[in-house]
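> How does the following fold in three dimensions:
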Amino acid sequence: MMQPISPKSEREIIIRRTSSTVAPRSASSALEVLDIDAITYDSKCPPMKLRSHQLARLRNRLKSLFGYLCGLVALVLFVNLVVGTKISGYLGNSHIHLKNETETASTKNGRKRITRAPSKPPTLPPTKLPDTGKMRSSRGSNLTSNSPLNDNPWFEDDALDSQATNDKPLTPMVANASAIFTERWCDLHGVDWMPSKTNIWQRNVPYFMIPGAKYSGTLELAQELVMHPSIVQGRSLEPAFFFQHNFQRYVSANHDKTKVLAARSRMYARDYPLSAALKQPKSKLVSFDATPGYLFYSSTLPRRVLCVMPWVRMVIVLRNPVDRVWEHYQGAKTRGLTLTLEEWVDKEFFLMEQVGLLNATSKEENYAWHDYQRATLEGAIGRSLYDIQLRQWFQALRAIGRNPSKTVYVVRADDLALNPQKEYSAILKFLQLTDAPLRKPAAWNRFLNNQAEREGMDANTRRRLEMFFTPYSKRLKSVLRRYRVRTGGNLKRF
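Now for the predicted structure:
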């Protein structure tokens, strides 16, 4: 009688047969292949039963996990449905997403009607709307701050009307203004807010700032000043230390306070070479920061700067607003901008209209400006609205008890082009530095008035921008006159 073949013997026979028909393999590798074939085709093989049981358990676990995930998704959708309706259409926390067309539901026939955005922005001065008595709320975070704007104690109720006829006296500064400011915005743990005798040298590093405006001659003035014998250049003429991507680590998340000790230590270590001569108590050497973008972020940047450097002086270079926009556009094209100037300007006007800046009342303007700073990438038009930026910087200086008339000097790039040595000497006098000859007077020639016209800006676009900037230029004169800020050249030219 024939004896049954054991499973092991059967497997060895199959191995021998396989090895004669396929490429040579080791016994273990051939057995491995056959095990897989056996599990696939032989339902009586014990390994098949074992693996089937494991697959069943895994399938059950996946079903349970899928059920949990479905429940979680349903919960999130429900919460979003309940809560999200309250903020739908609202500006995002870090970006404002604008659409070229907005949909408005029509009450007739139950159909939707498309209302397209205006193809042409308003060219007339901003109109003053009736004051509702409600302040615009701050939305989310931006490049420079996470704190609501209405926490700023220095925003006096003195935003000028579009006609720029308001010359009322300033509110007297509070006696303990600096204490109120530092209590709210500055974390002074382990450091003196104003350097004492042991570290008095810190008042010279940096001693002054040239915060802007962008494309207005800030770099040209910095390159001239750095050749002065009393000035020491830092790591860069434009360190950009106070911008969000560099400074956010020095701001407390809960109270938006600036960590003065950490920020000041990092600033010295990163941006300024502190030589032994510079650290002498009676040293006459100074350094400076010439980052032109600082002026634009006037809603929140002043409190950071004044927490870290309350002693700083400011030299501000302004320019014909239309020429500044033109050169800004030329710079943007070199970085890859493909829009025409008219399209670029239209986008900026549309954005300003969306945030409420074009038709803001006096009380709403600070909040609309704050929204605009968060929304725009280039600030093509807004960077030429000098009156808003300067007024907010001046108010921040008054909030720490400093008088802008003794702290700020404003000069036009056009005046530096017309009388370069005279204006340069006036700047040095304001900074209490010894007079020196101007090394590169020809560098200012391109800032002569009407550069945009000379270089081919479309006449209609230029006229349109001039009409828009005219009321803001009038307001700028009123702001400078009201705060009694020193200016180069003739105030009437501003």
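
> From residue 326, how far out is residue 333?
Summarising the geometry, the distance separating residue 333 from residue 326, computed by CB to CB, to the nearest Å, is 11 Å. The C-beta positions use only the backbone N, C-alpha and C, and glycine is treated the same way.

> ok, those two, which is more surrounded?
More neighbours surround residue 326 than the other of residue 333 and residue 326, with 24 against 14 (other CB atoms under 10 Å).

> Make sure that one is actually in contact with residue 450.
No: the criterion here is CB atoms under 8 Å, and residue 326 misses it with residue 450 at 10.0 Å.

> would you say residue 219 is within a helix?
Yes: under the criterion used here (DSSP: H, G, I helix; E, B strand; the rest coil), residue 219 sits inside a helix.

> So what's the residue count around it?
17.

> so who does it touch?
For residue 219, the residues meeting the contact criterion (CB atoms under 8 Å, 6 or more residues apart in numbering) are 237, 238, 290, 292.

> Which residue, neighbours along the chain excluded, lies closest to the second one?
The shortest distance from residue 238 to any non-neighbouring residue, by CB to CB, 6 or more residues apart in numbering, is to residue 291 (4.6 Å).

> ok, that neighbour touching residue 247?
No: the pair residue 291 / residue 247 is not scored as a contact, 11.6 Å apart, by CB under 8 Å.

> Common neighbours of these two, please.
Taking CB under 8 Å, 6+ apart as the contact rule, residue 291 and residue 247 both touch residue 241.

> just the helices in the stretch 301-450 of the chain please.
301-308, 321-334, 341-354, 365-375, 386-399, 404-407, 413-418, 420-430 (DSSP state H, counting those that start in this stretch).

> Would you mind saying which of those lies nearest residue 252?
Counting by CB to CB, residue 252 lies closest to helix 301-308 out of the helices of the stretch 301-450 of the chain; the figure is 11.5 Å.

> got the contact list for the closest one?
By CB under 8 Å, 6+ apart, the list of residues contacting helix 301-308 from outside reads 144, 152, 154, 181-182, 185-186, 193, 209, 242, 247, 251, 258, 260, 263-264, 267, 294, 312, 392-393, 396-397, 399-400.

> hmm, 7 Å instead?
Under the contact criterion CB atoms under 7 Å, 6 or more residues apart in numbering, helix 301-308 has outside partners 144, 185-186, 242, 247, 258, 260, 263-264, 267, 294, 312, 392-393, 396, 400.

> Then stretch 232-247?
For stretch 232-247, the surrounding residues in contact (CB under 7 Å, 6+ apart) are 143-144, 219, 222, 226, 263, 267, 270-273, 278, 285, 287, 289-294, 301, 304-305.

> Show me how to select, in ChimeraX, the buried members of these.
Buried residues among the contacts of stretch 232-247 (16 or more other CB atoms under 10 Å), as a ChimeraX selection:
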select :143,144,219,222,263,267,271,272,278,285,287,289,290,291,292,293,294,301,304,305
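
> Pipe the helices of the stretch 301-450 of the chain into TSV and attach mean pLDDT per row.
Conversion of these to TSV gives the following (pLDDT from 0 to 100):
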stretch	mean pLDDT
helix 301-308	95
helix 321-334	93
helix 341-354	94
helix 365-375	93
helix 386-399	95
helix 404-407	95
helix 413-418	91
helix 420-430	95
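
> Of all those, which one comes closest to residue 79?
With distances scored as CB to CB, the stretch of the helices of the stretch 301-450 of the chain nearest to residue 79 is helix 365-375 (26.2 Å).

> Done for today, thanks.
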